[in-house]
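Undergrad: Sharing a model that was predicted from the sequence below.
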Amino acid sequence: MSGWEIVVGLEVHAQLSTRSKIFSSAATAYGAAPNAQACAVDIALPGVLPVLNREAVEKAIKFGLAVGATIANRSIFARKNYFYPDLPKGYQISQFELPVVQGGSIRIAVDGNEKLINLTRAHLEEDAGKSLHEDFQGMTGIDLNRAGTPLLEIVSEPEMRSSAEAVAYAKALHSLVRYLDICDGNMQEGSLRCDANVSVRREGSSKLGTRCEIKNLNSFRFLERAIDYEAARQIEILEEGGAIQQQTRLYDSDKDETRSMRSKEEAQDYRYFPDPDLLPLEISAVWIEKVRNALPELPQAKRDRYIKEYNLSVYDANLLTSSRDVASYFEQCISGSVSAAVTKQCANWINVELAARLNKEGRDVAQSPVTPAQLRGLVARIEDGSISSKMAKEVFEAMWNKEGDVDHIIASKGLKQISDGGEIEKIVEQILKDNPKQVEEFRSGKDKVFAFFIGQAMKAMHGKANPTQLNEILRKKLSNS
């Protein structure tokens, strides 16, 4: 893609975690039988009227404050008119000219470089239903369970310049909405969906190219691959002298390609007008301050605190604050009075061993069989010399399999490290006595022979020697004998 610049803007639909829908009292729980959670309001029976869900508004305010946006004291709902089988009213209630959240920004990091992505807006709207094609041969089924589910559509400025930046932005947003507890972020269930607006332009140009929108990307991997494919497709067309058609496209993960869905609509195509059934939404300064005072510590502030308070690296702090659950696990590990060494070791174990095992089994940290208290106990036994780092991995595996706590596992498996200097010294002296040739080789400058002595000592002590002590005693004996 040399000579070309990719321009990406994202529209992210976050399903707000309310128990009822945005304009009705129907439930929002996932997994119900088709149409079991669609009430008279959701299916647009004649004479029904929408009633705004206050909790959905409060979650929108919470998001706006977290990204440093302006909360509109007065916003309005509009009807977005289009026809689709899963839209029973023939229009979607959304916001257009006066959204509830205006501006704001999200900070991302790619390859160690930080960048601020500005937001255009975030507005409240209702979700549509779902068309089911797979289960009906020659027909399409309509499930209206999702109809009326509250969404916060978060629109970025077109400031991302690669698929990596787009993924970093989506992940930062995913982490933030979960920190705020306004969305569960479950992309597989459709709780967080991304639409990517992609265009390309010659490097150095300030004019935006014609964009195509890729709809309903429900994983970070698909987001990255769809953007890369679409950018390459557009560049190929332009280099062959063609023109890009503005359109809406779908990403086919099986074929790893995007394909045309329909021509891209503009705002005028939807014939927006204020919804006559809903009064303007007025948000008082008192309400805004009440929400502000209840905000949790946000990821950026938490990350900065970890770096300053615990002397962690930027890399470690970023990983530990990647989700609210991971941060909570870490803080439980180091609760109370612990040394800097224990804090650092806990961070390492969470970011490496625990993260790898969770990833392998597709679990969230909240589902870890190893509790924060158990992990802290494991680190404590490494620090006091009871076990080596190598032994600790065996203990961790046993804890993962629910074989007991640290001390029980160490005792039952006979893993306690030999840290008795006198005992180690006797074994080292015997090894040197039994291997005079190797002793001479070491003294003549063959440092590699040192590993031979370590191996012999570990073999004699069944791998239980304290490595640090063994190393020190062996070097001392080799230099004196």
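TA: Perfect, I can see it now.

Undergrad: ok so residue 17 is a strand residue?
TA: No. Using DSSP: H, G, I helix; E, B strand; the rest coil, the assignment for residue 17 is coil, not a strand.

Undergrad: Go ahead and confirm it touches residue 180.
TA: No. Because the distance of 9.8 Å does not satisfy CB atoms under 8 Å, residue 17 is recorded as not touching residue 180. C-beta: built from backbone N, CA, C; applies to glycine.

Undergrad: anything in contact with each of these two?
TA: residue 59 (CB atoms under 8 Å, 6 or more residues apart in numbering).

Undergrad: Any regions of the stretch 301-450 of the chain where pLDDT drops low?
TA: Applying pLDDT under 70 to the stretch 301-450 of the chain picks out residues 414-425, 428-429, 439-442, 444-446, 449.

Undergrad: quick one, helices of it?
TA: Counting by DSSP state H, counting those that start in this stretch, the stretch 301-450 of the chain has helices at residues 314-320, 324-333, 340-349, 355-361, 372-383, 389-400, 406-412, 421-434, 436-443, 449-460.

Undergrad: Between the two ends of stretch 171-186, how far is it?
TA: 12 Å (CA to CA, to the nearest Å).

Undergrad: follow-up on the earlier one: between the helices of the stretch 301-450 of the chain, which one is nearest to residue 93?
TA: When the helices of the stretch 301-450 of the chain are compared by CB to CB, helix 324-333 sits nearest residue 93, at 30.7 Å.

Undergrad: which residues touch the closest one?
TA: Residues from elsewhere that reach helix 324-333 (CB under 8 Å, 6+ apart): 175, 178-179, 181, 296, 302, 319-321, 346-347, 350, 364-366, 368, 372-373, 375-376, 379.

Undergrad: rerun at 7 Å
TA: 178-179, 302, 320-321, 346-347, 350, 364-366, 372, 375-376 (CB atoms under 7 Å, 6 or more residues apart in numbering).

Undergrad: same thing with stretch 31-48?
TA: 21, 23-27, 50, 88-89, 141, 143-145, 147-148.

Undergrad: Apply 6 Å and report the result again.
TA: 23, 24, 26, 27, 88, 89, 143, 144, 145, 147, 148 (CB atoms under 6 Å, 6 or more residues apart in numbering).

Undergrad: avg pLDDT for it?
TA: What stretch 31-48 shows for mean pLDDT is 93.

Undergrad: Now do the end-to-end distance for that stretch.
TA: In stretch 31-48, first residue to last residue: 26 Å (CA to CA).

Undergrad: Tell me the buried residues in it?
TA: Using 16 or more other CB atoms under 10 Å as the burial criterion, the residues of stretch 31-48 that qualify are 37, 38, 39, 41, 42, 43, 44, 48.

Undergrad: Just the CA trace of the helix ranked longest in the chain, in CSV.
TA: Counting by DSSP state H, the longest helix found in the chain is helix 220-239. Presented in CSV, the C-alpha positions along helix 220-239 are these (Å, rounded to 0.1, in the frame of the first residue of the first chain):
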residue,chain,number,x,y,z
PHE,A,220,-11.5,-7.4,16.6
ARG,A,221,-10.0,-9.9,14.2
PHE,A,222,-12.7,-9.4,11.7
LEU,A,223,-12.5,-5.6,12.0
GLU,A,224,-8.8,-5.7,11.2
ARG,A,225,-9.1,-8.1,8.3
ALA,A,226,-12.1,-6.3,6.8
ILE,A,227,-10.4,-2.9,6.9
ASP,A,228,-7.2,-4.4,5.3
TYR,A,229,-9.1,-6.1,2.6
GLU,A,230,-11.3,-3.1,1.8
ALA,A,231,-8.3,-0.7,1.7
ALA,A,232,-6.5,-3.0,-0.7
ARG,A,233,-9.6,-3.4,-2.9
GLN,A,234,-10.0,0.4,-3.2
ILE,A,235,-6.3,1.0,-3.9
GLU,A,236,-6.4,-1.6,-6.7
ILE,A,237,-9.5,0.0,-8.3
LEU,A,238,-7.9,3.5,-8.1
GLU,A,239,-4.5,2.4,-9.5
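
Undergrad: Please name every helix or strand in contact with that helix.
TA: helix 163-179, strand 192-202, strand 212-217, strand 257-263 (3 or more CB pairs under 6 Å, 6 or more residues apart in numbering; DSSP states H and E).

Undergrad: relative orientation of it and strand 212-217 in degrees?
TA: Inter-element angle recorded for helix 220-239 and strand 212-217: 160 degrees (by axes from the mean of the first three to the mean of the last three CA atoms, to 10 degrees).

Undergrad: Helix or strand next in line after helix 220-239, which one?
TA: strand 247-252 (DSSP states H and E).

Undergrad: mind listing what that next one pairs with, with the direction of each?
TA: Applying DSSP bridges to the sheet, strand 247-252 is found paired with strand 212-217 (parallel), strand 257-263 (antiparallel).

Undergrad: Go ahead and measure how far the last one is from the middle of the chain.
TA: Read it as strand 257-263. In terms of CA atoms, centre = their mean, to the nearest Å, the centre of strand 257-263 is set 28 Å apart from its chain centre.

Undergrad: one step back: for the strands paired with strand 247-252, give me a markdown table that also has distance to residue 130 and mean pLDDT.
TA: Converted to a markdown table, the strands paired with strand 247-252 look like this (distance: least, CB to CB, whole Å; pLDDT from 0 to 100):
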| stretch | distance to residue 130 | mean pLDDT |
| --- | --- | --- |
| strand 212-217 | 11 | 93 |
| strand 257-263 | 16 | 85 |
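
Undergrad: Is it possible to get CSV of those strands that adds distance to residue 478 and mean neighbour count?
TA: Compiled in CSV, those are given as follows (distance: least, CB to CB, whole Å; neighbours: other CB atoms under 10 Å):
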stretch, distance to residue 478, mean neighbour count
strand 212-217, 62, 20
strand 257-263, 65, 13
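
Undergrad: Out of those, which is closest to residue 334?
TA: That would be strand 212-217 among those, by CB to CB, at 37.0 Å.

Undergrad: what's next to that closest one, contact-wise?
TA: Outside of strand 212-217, the residues within contact range by CB under 6 Å, 6+ apart are 193-198, 223, 226, 247-251, 258, 264.

Undergrad: Now residue 334. Nearest residue, chain neighbours left out?
TA: Excluding the flanking residues, the one nearest residue 334 by CB to CB, 6 or more residues apart in numbering is residue 343, at 5.1 Å.

Undergrad: Count the residues that sit near the one you found.
TA: Residues near residue 343, counting by other CB atoms under 10 Å, number 20.

Undergrad: Check the one 3 residues further on too.
TA: Other residues near residue 346 number 26, with proximity taken as other CB under 10 Å.

Undergrad: so it sits right up against residue 379, yeah?
TA: Yes. Contact status for residue 346 versus residue 379: in contact at 5.4 Å, counting by CB atoms under 6 Å.

Undergrad: Now do stretch 268-275: distance to the chain's middle.
TA: That offset, for stretch 268-275, works out to 35 Å (CA atoms, centre = their mean).

Undergrad: Report the buried residues of stretch 8-21.
TA: Buried residues in stretch 8-21 (16+ other CB under 10 Å): 8-18, 20-21.

Undergrad: Per-residue pLDDT of the closest residue to residue 237 other than its chain neighbours, please?
TA: Take residue 237 and drop its neighbours on the chain: the residue closest to it by CB to CB, 6+ apart is residue 244, 6.2 Å away. Looking at residue 244, its pLDDT reads 93.
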